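Q: From the sequence below, what's the structure:
(chains A and B)
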Amino acid sequence: MPTTQTTPADDVILETRELTMRFGGLLAVADFSASFPRGSITGLIGPNGAGKTTCFNMITGFYRPTSGEVLFEGVPIAGLPAHKVCRAGIARTFQNIRLFNNETVLENVMIGRHLRQKTSWLQTLVFTPASERENRRDQARCLELLDAVGLADLAGEKASSLPYGAQRRLEIARALATEPRFLLLDEPAAGMNPQESEDLMGFVRAIRQAFGLTILLIEHDMKVVMGICEHLWVLDYGQTIASGPPEAIRSDPKVITAYLGEEHAHA
Amino acid sequence: MRRGRTILLNVLAIGVFGLLLHLAEGYCNGYQLQILNLIAINIILALSLNLIYGFTGLFSLGHAGFMAIGAYVCSILIMTPDQKDMLFLLQPAYDWVQTAHAPFFAAVLAGGAVAAIFGAVVGIPLLRLGDDYLGIATLGFAEIIRVVANNVPRLTNGALGFKGIPAYADLWWNFGWALVALYVIVRLLQSNTGNVLKAIRDNEIAAKAMGVDVFRYKLLSFTVGSFFAGVGGALLASLLTTIDPKMFLFTLTFNVLMIVVAGGLGSLTGSVLAGIGITVLLEWLRVVENPVDLLGFSLPGIPGMRMVVFSLALIVIILFRREGLMGMRELTWRSLAGVFSRGKA
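A: Residues are numbered from 1 along each chain as shown, chains lettered A, B, ... in the order given. All right, here's what the predicted structure looks like:
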């Protein structure tokens, strides 16, 4: 499997080097070194508590890694606060949906636009043409985004009133509004029925194409993982136990042990 | 076109309101005018606290402190040097306090600005605290301001306070400033920055993930809120013509908080309506403090009884209508039109 080392460095959008997170005596993630080719869809899998979300939190600035480095387009970003990581072009969604519940669907997406806006609220006090124009343009853009995720009809509804699947899509639309180049999805198919998961796979591929994204996702639904990921990283107890294309991972004895226990691996 | 109609309606509403103020000036007696003035000031204070607490989710109990700053700064600026000569009995005022003088508008603005500067300076350390801790720390700040006012006689004339502050704050100034506060805060909340403030209130972690520099926007909200608290304090000083440190106790913050909670955290309409309602009720309820004759028994008046009634009212609101009068709803021309067209159908 000569995949990781032979990719030319300039094609790697994000790279982690020996990323380690320690909470007191607990080693949550140890020496996670991975690289993500531009335009790829990669899966991060592993049993519960393996450290997947911790990896997300370190990459997106919610945790400061105990040691190790994250390089985004060659620039070190480990330890930057979350809002600066987002500004650099990395967006994420959450395992347990985190929407702005009292705001409308459109306002939720507009909040994602905020960091790309140039006019300040002081300008809106006197209705300057620049701020009016920017707001109109951004609203139009957000409506396009909502259209892309199939929520345009619900733009005026309160976010908390949406059904579960729509809330997941709204969270993705909101992340897209920040104009990311790298998108992290934390269990996007959680709680979805087989049909919805099927749609989600098409949707993830479509947004990668439309927005020129590189996608990293955590997922437990193996149909989704095997269906859309081009490369997988497998964590168990914080250790990277395997990495490679889905077909190879499927038959890797270490992975089977991690998921199903010792006996099955030998069977 | 819809924008044009909204502006037209707003201008008309302000015109009608101005006419009403003009009539009130002619027909109301001094007591009623005083209540109207207090309404305007309470609206300013409630709007500013609602911006901080209701819209940004920062539980701040420092309003009395910012009001005190605004009141003292404004009073020092509008009193004449002669007045200050007579006033500072304990110790003579600092030279710059003695000579400082400014017209009323500039003095109110300065009161707000100094309060805003204090807001920013204490906000930088305090806004890193969450929830209840912020409440306790801001409460402490307000108390510090009051103690300083008590103990720096060359600046504040100590416990004696100021008397004979020129009474410039009439209906026009007070309601004018209330309109300014309403306009600035409404436009702030309508802008995308307003969406960001509400996002911080709703889910701080998600706001960070959306690239929001949470601390910076908390500080913005806190500073703008402090500015208008200072303005409210400045107007109050000129309306009452006398201030002293005892006036800026926690109960003052409590009154404002009561208006905000009763009106609805996150509703400016609620703050305005509750500002009117509670100011009027606070006056009416003076009845309960009077001595009463009940079936031949005469009960002596109990001072402070109306605050007991109000505290009970607040408990009832929190138990039975936690979202307050308006919840998070606002009254707009469009929602009004909606009510009327539904009525016709």
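
Q: quick one: low-confidence parts of chain A?
A: A:1-10, A:262-267 (pLDDT under 70).

Q: and if you look at the stretch 201-345 of chain B?
A: Judged by pLDDT under 70, the stretch 201-345 of chain B has its weakly predicted residues at B:342-345.

Q: All the helices of it, in order from the start?
A: B:204-209, B:214-240, B:250-263, B:268-284, B:305-320, B:333-344 (DSSP state H, counting those that start in this stretch).

Q: Chain A too?
A: In chain A, the helices defined using DSSP state H lie at A:3-6, A:52-59, A:82-88, A:105-113, A:121-125, A:129-148, A:164-177, A:194-211, A:222-228, A:246-250, A:253-260, A:262-266.

Q: got TSV for those helices, with distance to B:Phe55 and mean neighbour count too?
A: Just so you know, the C-beta spots here come from the backbone N, C-alpha and C atoms, and that holds for glycine as well. Converted to TSV, these look like this (distance: least, C-beta to C-beta, whole Å; neighbours: other C-beta atoms under 10 Å in any protein chain shown):
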stretch	distance to B:Phe55	mean neighbour count
helix A:3-6	48	11
helix A:52-59	28	24
helix A:82-88	20	21
helix A:105-113	13	26
helix A:121-125	13	18
helix A:129-148	19	16
helix A:164-177	20	22
helix A:194-211	32	15
helix A:222-228	39	18
helix A:246-250	47	16
helix A:253-260	47	16
helix A:262-266	55	10
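
Q: Looking at the helices of the stretch 201-345 of chain B, spot the one closest to chain A.
A: Ranking the helices of the stretch 201-345 of chain B by their distance to chain A (criterion: C-beta to the nearest C-beta) puts helix B:204-209 first, at 3.8 Å.

Q: Can you list the buried residues in the closest one?
A: For helix B:204-209, burial by neighbour count (16 or more other C-beta atoms under 10 Å in any protein chain shown) applies to B:Glu204, B:Ala206, B:Ala207, B:Lys208, B:Ala209.

Q: Kindly indicate which of the residues you listed lies nearest B:Val16.
A: Of all the buried residues of helix B:204-209, B:Val16 sits closest to B:Ala207, with 39.8 Å by C-beta to C-beta.

Q: Quick one: residues contacting that closest one.
A: A:Phe100, A:Ile111, B:Val196, B:Ala199, B:Ile200, B:Val214 (C-beta atoms under 8 Å, 6 or more residues apart in numbering or on different chains).

Q: Can you report how many residues neighbour B:Gly164?
A: B:Gly164 is flanked by 13 other residues according to other C-beta atoms under 10 Å in any protein chain shown.

Q: Can you give me the distance of it to B:Ala110?
A: Counting by C-beta to C-beta, to the nearest Å, the gap from B:Gly164 to B:Ala110 is 20 Å.

Q: got it, and A:Thr124?
A: Counting by C-beta to C-beta - A:Thr124 and B:Ala110 are separated by 25 Å.

Q: With B:Pro300 as the reference, name the closest of the helices of chain A.
A: Counting by C-beta to C-beta, and looking across all of the helices of chain A, nearest comes helix A:121-125 at 53.4 Å.

Q: Which strands or helices does the closest one pack on?
A: Under the contact criterion of 3 or more C-beta pairs under 8 Å, 6 or more residues apart in numbering or on different chains; DSSP states H and E, the helices and strands touching helix A:121-125 comprise helix A:129-148, helix B:171-190, helix B:192-202.

Q: Format the ones you listed as JSON lines; extra columns: distance to B:Ile302.
A: Putting those into JSON lines (distance: least, C-beta to C-beta, whole Å) gives the following:
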{"stretch": "helix A:129-148", "distance to B:Ile302": "55"}
{"stretch": "helix B:171-190", "distance to B:Ile302": "31"}
{"stretch": "helix B:192-202", "distance to B:Ile302": "40"}
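
Q: Show me the one of those helices that comes nearest B:Phe118.
A: Smallest distance to B:Phe118 across the helices and strands packed on helix A:121-125 (C-beta to C-beta): 18.1 Å, for helix B:171-190.

Q: tilt between the closest one and helix B:192-202?
A: Following axes from the mean of the first three to the mean of the last three C-alpha atoms, to 10 degrees, one obtains 80 degrees for the angle between helix B:171-190 and helix B:192-202.
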